[in-house]
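Peer 1: Could you work out the structure for the sequence below:
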Amino acid sequence: MKKILVLCTGNSCRSQMAHGYFQAVGGTDLKVYSAGVETHGLNPRAVLVMKEDNVDISSNTSNHIDEYSDITFDLILTVCDSAKERCPVFPSQSKQVHFSFPDPADATGSEEDILHSFRMVRNEIKSFVKEFIDINL
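Peer 2: Residues are numbered from 1 along each chain as shown. This is a model prediction of the structure:
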């Protein structure tokens, strides 16, 4: 079983969505964790748009990277530039990959405009995860 850590700044949106898709697509072959270099709590809009795609992340928690310091990961994926810059050093056997997604929490406008941003990022993450698993795992 491969252990994957998805890392973002606040572990509230992008890393949570990627966590959900890695778990849904990878199934029992993967043990997925997500964390942030800070913790901002689980974003309810991320939960909503993932539920629209039949992936339930409502029981996920916003975790700090330090909580996983004793785990050896096979893959560490940073999903935002800030997390990549602030990412602590991990054991050398951990493969590190970076792919930056826009932060849907920065969206402005009406609620529908904001949800549209969340859906767009969700769809980008879903495509990335599926392709990544197909090619790398």
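
Peer 1: Just give the nearest non-adjacent residue to the residue positioned nearest the centre of the chain, would you?
Peer 2: The centroid of the chain falls nearest to Ser15 when counting by Cα atoms, centre = their mean (1.8 Å). Counting by Cβ to Cβ, 6 or more residues apart in numbering, the nearest residue to Ser15 once its immediate chain neighbours are dropped is Cys8, at 3.6 Å. Every C-beta, even on glycine, is put in place using the N, C-alpha and C of the backbone.

Peer 1: which residues of the chain fall in helices?
Peer 2: For the chain, applying DSSP state H gives helices covering 14-26, 44-52, 81-86, 111-136.

Peer 1: follow-up on the earlier one: wait, the residue nearest to Ser15 touches His40, no?
Peer 2: No. In this structure, Cys8 is not within contact of His40 by Cβ atoms under 8 Å, at 9.3 Å.

Peer 1: Between those two, which has more neighbouring residues?
Peer 2: When Cys8 and His40 are compared for neighbours, Cys8 comes out ahead with 30 against 14, by other Cβ atoms under 10 Å.

Peer 1: for the more buried one, what are its contacts?
Peer 2: Cys8 makes contact with 14-15, 34, 36, 78-80, 83, according to Cβ atoms under 8 Å, 6 or more residues apart in numbering.

Peer 1: ok, the closest residue to Lys2 other than its chain neighbours - how many residues close by?
Peer 2: Excluding its sequence neighbours, the residue lying closest to Lys2 (Cβ to Cβ, 6+ apart) is Asp74, at 4.4 Å. Burial measure for Asp74: 15 neighbouring residues, criterion other Cβ under 10 Å.

Peer 1: Cool, thanks, signing off.
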